[in-house]
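J.: Sequence and computational prediction follow.
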Amino acid sequence: MYKLKSKRPTHFDFDLIIIGSGAGGGVTAHIAAGQQKKVAIIEADTIGGECPNYGCVPTKALLQAAETYQSAKHAGQFGIKTTDVSFSYSAVNAWREKAVFRTGVEDGREAYKSDGITVLRGHAHFLSPWQISLSGKRYTARNFLIATGTRNVVPPIEGLKETGYITYREAIALKSPPKSIFIIGGGAIGCEFAQLFWSFESKVHIADFDKRLLAREDSEVGELVGAIFEQRGIGVHVNSKVLNVSGSKGNKTVTLETGGRRHSIVVEEVLLAAGKAPNLDLGLDNAGVNFDRRGLKVNLQMQTNVKHIYAAGDVVGPFMFTHMAAYQSRIAVHNMYQKKKVSANYHAVPRCTFISPEVSSVGPSEQELRDKGIKLQVGTAEISIIGRANTSNESTGFVKVLASKTGVLLGASIVSPRAGEMIHELTLAIHKGLKARDIVETIHAFPTWSEAVRVACTRIKCP
Amino acid sequence: MKHIVKRAGHTEPFDAKKLYASIFAACLAMREPVGTAEVVAEKVSTDVEVWIEKKSEVLSNDIRRVAAKHLYAYNPDAAYAYMHHRIVW
């Protein structure tokens, strides 16, 4: 095999080169520049990465519009008279673009420049542990941060590529909602698009090979979400394998197998949301960096096996969220330049799925804890018993908390309106090792959804 | 123009014909019929050309690794030979 020429240069072009300008890279760039480091950031795609351009921001803007439309349609239950409620999808798209614009991502390049950060465009490729090649030039750096994110996984489904499909990137920018859509993948992305297109009156089908939607969450969560979707008329096909996609633009036939039974569904569009794979085509072998198909291997200081090369964000995992990438980046840049090292801690990572009602969770699932042999207490509260459920006329959902035998909170799941906000009380409690009693003794305002958190915690014994 | 950084440190323009020839040779060495070897060499060369399109400069080892990965899908033995015994034939 090739022997790497890995002699450390005596002169460096930059103190830090960051590959990827998303949440992982952007945070690090600004912090390092603030410490008077000479920083370059490289982006092969859109400045700002997935979250503001194609991910969290545009989808949440669309979901807000969808929720508002549904609320207007059902306003009569509160005595509000509305007539001819309708939507203009071009105006909805304009709203989405406005939300993306307001993140400032369009001016991201300028923001970097004003902080003295060099922005380079193109596909970086390591030539050695200290040097990358980019657009015909070579650059050296004392440190590197790899934050290249992920790309869509295309499962080997017969006819899928030939027939054509869209991903979340295209789905956010459709000129009109499809009359019907088949979503391959029942994870958070798939469920959010099911919510979105159902709200805008598409006929939606969603399929997953797992036995429930949101399979990484506690079983009650996915089962309830599946039941809610079915009640709305969404075709939920769990335990299903998509065998074949055929047809042509606007008229696609999806053949799937559910419980040994084959059936076909004709739709206008197919949306692929079957998972993501890390972007690792960077010449990592030339740098000697360890990786596998799941991503780069890092220690808890976010350092690869090559000491001066760090990594953060989706390319590392274990959670693919913007808040996770930002957290890991802060740890990476701290450890690059501070003597006292800090380590990542993943035991209280909040996760949200922005459907209606919202889904959120923190910490390990019940099954993960039981698999580790931890003896658990489980406390559950239906949100229907909370005063806010009465005044909002919404009664579907629950709060479930997991605690040790001594009452220390370990994990939680919520299905409720505003679950994404509610989860942070439990995240703080788990992060700080608090007991359920600490939450029970905390005054919760009436009437708020968060009262359900307190009620769930009352069901945990704290000897 | 895509450039290959050679082991000695100098660079050369990427030569698709050279890649085709080495893949073709690896397939023949594994007793692939000539026609099949031509098809496989063509496909693998195209795959590598698509891959290198986004790069401006790569190591010759990168070419070998990527070519071997694509060749593996057609003939794992030829891929192994190509990766590890390049100078045998």
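T.: Nice, thanks for sending it over. Numbering: from 1, shown residues only, chains lettered A, B, ... in the order given.
J.: Where does the prediction get shaky in chain B?
T.: B:1, B:85-89 (pLDDT under 70).
J.: Kindly report the residues of it close to chain A.
T.: B:5, B:7, B:9, B:51, B:54-62, B:65 (C-beta under 8 Å from any C-beta of the partner chain). Heads up, the C-betas are built off the backbone N, CA and C, glycines and all.
J.: can we see that at 7 Å?
T.: By C-beta under 7 Å from any C-beta of the partner chain, the residues of chain B that approach chain A are B:5, B:7, B:54-59, B:61-62, B:65.
J.: Grab the nearest non-local neighbour of A:G411.
T.: Excluding its sequence neighbours, the residue lying closest to A:G411 (C-beta to C-beta, 6 or more residues apart in numbering or on different chains) is A:G363, at 3.2 Å.
J.: now that neighbour: how far from chain B?
T.: Computed as C-beta to the nearest C-beta, to the nearest Å, the A:G363 to chain B distance reads 38 Å.
J.: so how far is A:N335 from that residue?
T.: The spacing between A:G363 and A:N335, counted by C-beta to C-beta, to the nearest Å, is 25 Å.
J.: More neighbours: the two, which one.
T.: Between A:G363 and A:N335, counting by other C-beta atoms under 10 Å in any protein chain shown, A:G363 is the more crowded of the two (25 against 21).
J.: quick one, what contacts the more buried one?
T.: Counting by C-beta atoms under 7 Å, 6 or more residues apart in numbering or on different chains, A:G363 touches A:347-348, A:410-412, A:430.
J.: Torsion angles phi and psi at it?
T.: phi 80, psi -180 (degrees, to the nearest 10).
J.: still on that earlier bit, quick check on the residues of chain B next to chain A: which are buried?
T.: B:5, B:55-59, B:61-62, B:65 (16 or more other C-beta atoms under 10 Å in any protein chain shown).
J.: Return the subset of those lying in helices.
T.: B:61-62, B:65 (DSSP state H).
J.: Specify the helix with the largest residue count in chain B.
T.: Every helix in chain B considered (DSSP H), the longest is helix B:34-52.
J.: Contact partners for A:I386?
T.: A:447, A:449, A:451-452.
J.: same thing but at 10 Å, please
T.: A:392, A:394-395, A:397, A:399, A:416, A:444, A:446-455 (C-beta atoms under 10 Å, 6 or more residues apart in numbering or on different chains).
J.: could you flag which of these are buried?
T.: Applying 16+ other C-beta under 10 Å to the contacts of A:I386, the neighbour count classes A:394, A:397, A:399, A:416, A:444, A:448-455 as buried.
J.: Determine which two of the residues of chain B next to chain A are furthest apart.
T.: Farthest pair in the residues of chain B next to chain A (C-beta to C-beta) is B:R7 and B:K54. Separation: 23.1 Å.
J.: ok, and for stretch A:87-98, which residues are buried?
T.: A:87, A:92-93, A:95-96.
J.: Over to stretch A:100-114?
T.: Neighbour count says stretch A:100-114 has A:100, A:103, A:105, A:108-109, A:111-112 buried, by 16+ other C-beta under 10 Å.
J.: Kindly report the same for stretch A:175-182.
T.: Judged by neighbour count using 16+ other C-beta under 10 Å, the buried positions of stretch A:175-182 are A:177-178, A:180-182.
J.: Which single one of those is nearest to A:N305?
T.: Among the buried residues of stretch A:175-182, and counting by C-beta to C-beta, the member closest to A:N305 is A:F182, at 42.2 Å.
J.: which helices and strands does the helix or strand hosting A:V119 pack with?
T.: Assessed by DSSP states H and E, A:V119 sits inside strand A:118-121. Applying 3 or more C-beta pairs under 10 Å, 6 or more residues apart in numbering or on different chains; DSSP states H and E, one finds that strand A:118-121 makes contact with strand A:14-19, helix A:23-34, strand A:39-43, helix A:108-114, strand A:131-134, strand A:137-146.
J.: can you put these in JSON lines and add distance to chain B and mean pLDDT?
T.: Formatted as JSON lines, the helices and strands packed on strand A:118-121 follow (distance: least, C-beta to the nearest C-beta, whole Å; pLDDT from 0 to 100):
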{"stretch": "strand A:14-19", "distance to chain B": "13", "mean pLDDT": "98"}
{"stretch": "helix A:23-34", "distance to chain B": "18", "mean pLDDT": "93"}
{"stretch": "strand A:39-43", "distance to chain B": "12", "mean pLDDT": "96"}
{"stretch": "helix A:108-114", "distance to chain B": "20", "mean pLDDT": "85"}
{"stretch": "strand A:131-134", "distance to chain B": "4", "mean pLDDT": "95"}
{"stretch": "strand A:137-146", "distance to chain B": "7", "mean pLDDT": "97"}
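J.: and A:G250, which of these is closest to it?
T.: Across the helices and strands packed on strand A:118-121, closest to A:G250 is strand A:39-43 (C-beta to C-beta), at 34.3 Å.
J.: need the contact list for A:I383.
T.: A:357, A:389, A:392, A:394-399, A:414-417, A:419, A:422, A:449, A:451-452, A:455-456.
J.: For chain A, which residues are neighbours of chain B?
T.: A:1-5, A:44, A:122-128, A:132-138, A:281-283, A:285-286 (C-beta under 10 Å from any C-beta of the partner chain).
J.: What subset of the residues you listed is buried?
T.: The neighbour-count criterion (16+ other C-beta under 10 Å) marks A:4-5, A:44, A:122-128, A:132-134, A:281-283, A:285-286 among the residues of chain A next to chain B as buried.
J.: Give me the spatial nearest neighbour of the residue nearest in space to the middle of chain A, chain neighbours excluded.
T.: By C-alpha atoms, centre = their mean, chain A has its centre lying nearest to A:F321, at 4.1 Å. Nearest residue to A:F321, sequence neighbours excluded (C-beta to C-beta, 6+ apart): A:R351, at 6.9 Å.
J.: try A:G379
T.: Closest to A:G379 by C-beta to C-beta, 6+ apart is A:R459, at 3.4 Å.
J.: pLDDT score for that neighbour?
T.: pLDDT, A:R459: 98.
J.: I'd say it and A:T380 touch.
T.: Yes - using C-beta atoms under 10 Å, A:R459 is in contact with A:T380, at 6.7 Å.
J.: Having no further points to raise, I will conclude here.
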